[in-house]
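Visitor: dropping the sequence and predicted coords here.
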Amino acid sequence: MTDDGYAELTSALRGFLDAVATAGPHDQVQALTDDLRRWTAILAESRQEEGKRVFGERFDLPDRGQTLTPVFAPQVVTTSKVEGTAWFGDYFHGSNGAAHGGTLPLLFDEVFGHIAVERGSRARTAYLHTDFRSVTPIGVDLQVRAWVERAEGRKLFLAADLRDGEVVCAEAEALFVLLRDGAP
Ligand SMILES: CCCCCCCCCCCCCCCC(=O)SCCNC(=O)CCNC(=O)[C@H](O)C(C)(C)COP(=O)(O)OP(=O)(O)OC[C@H]1O[C@@H](n2cnc3c(N)ncnc32)[C@H](O)[C@@H]1OP(=O)(O)O
């Protein structure tokens, strides 16, 4: 990992989003808004085209340097399976201590993507089906795994599950289609 500060920035940004998500009314809200607008203007001056950005494009950083998805730390990545831990911060909270339902397919898409990347394939998600088996807790280390069910030509049929210990939180099935040469 290149120690250029971006891993720490990603971590700080996640912490900030979690703090925003859990904060009550605050008397410094205008100061915070002003600070955010100041940094937005500074960063806008260094806007880059896709392929030259950090966010989501730095494979040497945790979570590719992005905060869009819940934290995913892979432990095993092969061309046929991926296993690791997932962690949903407060930013991903839906209600009653459970993760927002839409954030689970978000995690699964990211996890499936590791298999596609490991296969050296340019692929896109054609469909992703999620079954919500039990509420997904916030702020807990969860176990996630995904695997290839079968491959048919350009089609890669994938499955995954997310567990809190013995409890299955969610399961997913997806079709990734390998892109034709020259596809955008
Ligand atoms: C150092 C290393 C660190 C590694 C660290 C890596 C981390 C890396 C993480 C990255 C994580 C990001 C991973 C996100 C991945 C996205 O989320 S991609 C964005 C979401 N998906 C999209 O936008 C896709 C939009 N759709 C499309 O572009 C096109 O429809 C597709 C899916 C590419 C397919 O188009 P196509 O290539 O023209 O293929 P087409 O001929 O239509 O279909 C091919 C076959 O698939 C079937 N098919 C297509 N769509 C469907 C469908 N929806 N249902 C059923 N069958 C279908 C067709 O029927 C056909 O079947 P056969 O006739 O061959 O039997």
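Guide: Cool, the structure landed. Values in this document were obtained by computation on a predicted structure and should not be read as measured data.
Visitor: which residues of the protein lie near the ligand?
Guide: 59, 64, 109-110, 113-114, 117, 124-127, 153-155, 175, 177, 179-180, 183 (Cβ under 6 Å from any ligand atom). Yep, even glycine has a C-beta here, placed from its N, CA and C like the rest.
Visitor: one more time with 8 Å
Guide: 59-60, 64, 74, 77, 109-110, 112-114, 116-118, 123-128, 152-155, 175-180, 183 (Cβ under 8 Å from any ligand atom).
Visitor: got any ranges where the protein has weak pLDDT?
Guide: 1 (pLDDT under 70).
Visitor: most remote residue from it's center?
Guide: Most distant residue from the mean C-alpha position of the chain: Asp27, 32.4 Å away (Cα atoms, centre = their mean).
Visitor: quick one: that one is in a helix?
Guide: No: according to DSSP: H, G, I helix; E, B strand; the rest coil, Asp27 belongs to no helix; its state is coil.
Visitor: residues in contact with stretch 150-162?
Guide: For stretch 150-162, the external contacting residues (Cβ atoms under 8 Å, 6 or more residues apart in numbering) are 86, 104, 107-108, 111-112, 115-116, 119, 121, 123, 126, 136, 142-149, 168-180.
Visitor: how far does that stretch sit from the chain's center?
Guide: Centroid displacement of stretch 150-162 relative to its chain, using Cα atoms, centre = their mean, to the nearest Å, is 19 Å.
Visitor: follow-up on the earlier one: now the residue farthest from the centre of the chain: how far from Ala21?
Guide: According to Cβ to Cβ, to the nearest Å, Asp27 stands 19 Å off from Ala21.
Visitor: which parts of the protein are helices?
Guide: 6-22, 29-44, 103-118 (DSSP state H).
Visitor: can you get me a residue count around the closest residue to Val177 other than its chain neighbours?
Guide: Distances taken as Cβ to Cβ, 6 or more residues apart in numbering place Ala126 nearest to Val177, at 4.8 Å, with adjacent residues excluded. Applying other Cβ atoms under 10 Å, we find 12 residues neighbouring Ala126.
Visitor: geometric centre of this structure: which residue is closest?
Guide: Thr69 (2.6 Å).
Visitor: nearest spatial neighbour of that residue, skipping sequence neighbours?
Guide: Nearest to Thr69 is Glu110, by Cβ to Cβ, 6+ apart, at 4.6 Å.
Visitor: contacts only, for Phe72.
Guide: Phe72 sits in contact with Asp63, Gly84, Thr85, Ala86, Leu107, Glu110, Val111, Val144, where contact means Cβ under 8 Å, 6+ apart.
Visitor: alright, I will stop here.
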